[in-house]
Structures are given as structure tokens and as C-alpha cells.
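> no sequence on this one, just coordinates:
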């Protein structure tokens, strides 16, 4: 008899159950049938795998060796099956792209650009506030690409075999009702907002902790944070209930003024992710280039962001100029 994958699964099931009776139940077999199968496996391997006792079974030295190999072989075969399914699905789907993204204007802008860049391709989208969920969908082959984000220098969502490339880095802005005193300035000091209540979209990264730390450095603790969807955040700001945190690319919205936070205490990194085994390099390069172009287009439509970028460029130019002094 040649050893097969199902035999390794049987050995593992017996070891995990600790008895032939329990293993037979888990495998849906009669105990005599499982005992006969185990004897055939042991003959094929040349020795006893389990010692039988009144309290169940215990692996022999040979059994431990085989079990150690199953811990490597079985996960590797399962991953092979998943990657083969992803590969076959990608070829079967052909002209289809499944995009995921966190809430914001970038996902829609990318869909718009892909409609021109890859005509005839059907694009579907899935929005989620959870970067980890998007990473899991990529790992499972249920998404082709995902636009996610990370706060500051934090690592992207962790999942095996995923590639993450940076699309852009934005400062975090504050959303203010048009009548707010700070809406008239070019930027807002975080400390000047100490008495406000706040609103933002939830996430499962470290952004909340980073915001609290930035407030602590500014000398205060936030009074209250409303974590809700984008439309609700907008409403809370419009009616003056809270001020909001947003990416610098937040689109113009009636009743709301966006302003940069002085000193840029918080930044947001836009990331594009995909599964290495499920995407061709040319497809990934195309989607990444279009994502970067989409971000540039969204940023250009925000006057407050354009002004912030211009001021930063002026500061960078000034910093590169040689300094001269007066003779004493």
C-alpha cells in the first residue's frame, strides 16, 4: 500500500483525539474500520505508530516522527490547494477585477481610472472600515486588490503572501463647521481644539492611540470621540456637535471646512495590497500606477490640500537655499 494524504490526516486525527473511539467518531468511521486502516498504515510505514492503553493511545517514537512530518506536509498541501484555486479563478474570471477599500474618495477614483485604463474589464468593489478584513479577503482570494491604510510608520495589515505598496502619504486634516473660528485660518493648532468633541470613521489599526498621544503632547485629553460612518461624521460636524478627523483628500462638502493640523502631528499612508500568487506583475503594476494617479487627482480637487502642498514646497525650497550672514 502506498501512503496517501488521507492516511496522514487519519494519523493526525488519532493523535488529536487521543483514542481510536473518539477519532473514529470525528472521522465518521466505525472503530473496527479505523483500527484496520491504522494497521495497514503501520505496515506501510514499517512499525507501530501508537501504543494502546486503557486510557487511550499514545504515539510511539515512529509515530512522533510521522506526526512531525504531517505538521509540515498537511498545511503545505492546503496552501497549495488554495493557491491553485486562486490561480484558476483568476484565469477563469479573466477580465474582472475585484477591488476592496476603506471608506473614502480614493476607491471611487481608482474605479473611474481603471474604466479607461483597462476597457472591457468588469470592476466590482467591496468597502470595509477594517483593514484586517480586507487583508483576509485578499489572502483568501476573494479580492484581487485592496486599498487600505496605515497610521504613520505602522506596518500594513499582516497576512501571509501579501504584497503592500505605498500609494501616497497624506497629512491628517480636521473637519470644521464653516462658522468655526479656526476655519478662517490656514491651519489649526491641535491645542486650540482641546474643548471640542471629535468624530472619525472607526478602524482596527493604531490611529486612535496615535491621536490620543498627539492630544497628550498638545496638553489635553479628548473629551469624546464619536466613531461612526462617514455620512454621520459629516452630519455631526455640520451641526456643530463635533469636529472631525479626515484624510487631506476629503472632498469639498457643503457646510464644512477642512484645515491641516499645525505641525502635522498625524499622517496616513495609503496602501495597495494584493496576493503575490494570484496576480500577474503587469496587472499589479497597472493597478498601482492608476491608484497613484487617482490619488493625485483626488488631492488636486481639495483646495485646502493644494494650499498645504504649496506651502510645504515653499518651505522645502527655502530650506535648500544657502544661508548667508552679515560681516561683523
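Thanks, I have the structure now. Just so it is clear, the structure is predicted and the values come from calculations on it, not from any experiment.
> Look at the closest residue to residue 113 other than its chain neighbours and report its pLDDT.
Distances taken as CB to CB, 6 or more residues apart in numbering place residue 290 nearest to residue 113, at 4.4 Å, with adjacent residues excluded. Quick note: C-beta positions are derived from backbone N, CA and C, even for glycine. Looking at residue 290, its pLDDT is 95.
> Identify each buried residue in the helix or strand containing residue 290, please.
Here residue 290, judged by DSSP states H and E, is contained in helix 281-300. Residues 283, 284, 287, 288, 290, 291, 292, 294, 295, 297, 298, 299 are the ones in helix 281-300 that count as buried (16 or more other CB atoms under 10 Å).
> Spell out which residues sit in contact with the second one, please.
Taking CB atoms under 8 Å, 6 or more residues apart in numbering as the criterion, residue 284 is in contact with 145, 163, 274.
> So what's the residue count around the closest residue to residue 56 other than its chain neighbours?
Of all residues not flanking residue 56 in the chain, residue 19 sits nearest, at 3.9 Å (CB to CB, 6+ apart). Counted by other CB atoms under 10 Å, the residues lying close to residue 19 total 16.
> so residue 19 touches residue 57, yeah?
Yes: judged on CB atoms under 8 Å, residue 19 makes contact with residue 57 at a distance of 6.0 Å.
> how about the closest residue to residue 228 other than its chain neighbours, what does it touch?
Nearest residue to residue 228, sequence neighbours excluded (CB to CB, 6+ apart): residue 199, at 6.7 Å. Counting by CB under 8 Å, 6+ apart, residue 199 touches 175, 225-228, 232-233, 236-237, 241-245.
> Take those and write them to a markdown table, including distance to residue 11.
As requested, the contacts of residue 199 are arranged in a markdown table below (distance: CB to CB, whole Å):
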| residue | distance to residue 11 |
| --- | --- |
| 175 | 60 |
| 225 | 52 |
| 226 | 54 |
| 227 | 48 |
| 228 | 51 |
| 232 | 54 |
| 233 | 55 |
| 236 | 59 |
| 237 | 61 |
| 241 | 62 |
| 242 | 59 |
| 243 | 61 |
| 244 | 57 |
| 245 | 54 |
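> Go through these and name the one nearest residue 32.
Residue 32 has its nearest neighbour among those in residue 227, at 58.3 Å by CB to CB.
> Next, work out how far apart the nearest residue to that closest one once chain neighbours are set aside and residue 75 are.
Counting by CB to CB, 6+ apart, residue 202 is the residue found nearest to residue 227 once chain neighbours are left out, at 4.2 Å. As judged by CB to CB, to the nearest Å, residue 202 and residue 75 stand 33 Å apart.
> And those two? Which one has more around it.
Comparing residue 202 with residue 75 by other CB under 10 Å, the one with more neighbours is residue 202, at 14 against 10.
> tell me the SS of the more buried one?
Of the three states, residue 202 takes coil under DSSP: H, G, I helix; E, B strand; the rest coil.
> Just the pLDDT at it, thanks.
89.
> now swap in residue 237 and tell me
97.
> Then residue 164?
pLDDT recorded at residue 164 is 94.
> With adjacent residues omitted, what lies nearest to it?
Excluding its sequence neighbours, the residue lying closest to residue 164 (CB to CB, 6+ apart) is residue 156, at 4.0 Å.
> Over to residue 203?
Here the residue nearest residue 203, using CB to CB, 6+ apart, is residue 129, at 6.0 Å.
> Dihedrals phi and psi, the one you found?
Torsion angles at residue 129 (phi, psi; degrees, to the nearest 10) stand at phi -80, psi -10.
> ok, it touching residue 103?
Yes: Residue 129 is within contact range of residue 103, at 6.3 Å (criterion: CB under 8 Å).
> Could you tell me which residues touch both of those two?
Joint contacts of residue 129 and residue 103 (CB under 8 Å, 6+ apart) are 201, 229.
> Show me where the stretch 1-150 of the chain has its strands.
Under the criterion DSSP state E, counting those that start in this stretch, strands of the stretch 1-150 of the chain are mapped to 50-53, 56-59, 96-101, 122-127, 145-151.
> Tell me which of the ones you listed is the most buried.
Neighbour counts (mean count of other CB atoms under 10 Å) averaged over each of those peak at strand 145-151, with a mean of 24.
> Direction included, what does that strand pair up with?
In the sheet containing strand 145-151, its partner strands are strand 96-101 (parallel), strand 267-275 (antiparallel), by DSSP bridges.
> what angle separates it from strand 122-127?
30 degrees (axes from the mean of the first three to the mean of the last three CA atoms, to 10 degrees).
> Just the mean pLDDT for strand 145-151, thanks.
92.
> what residues does it touch?
If you take CB under 8 Å, 6+ apart as the criterion, strand 145-151 is touched by 97-102, 106-107, 110, 131, 134-135, 137-138, 156-157, 164, 167, 203, 205-207, 210, 266-274, 279, 284, 287, 291.
> Helix or strand next in line after that strand, which one?
Later in the chain than strand 145-151, the nearest helix or strand by DSSP H and E is strand 162-177.
> Please tell me how far the residue nearest to residue 164 sits from residue 28.
With distances taken as CB to CB, residue 156 is found 41 Å from residue 28.
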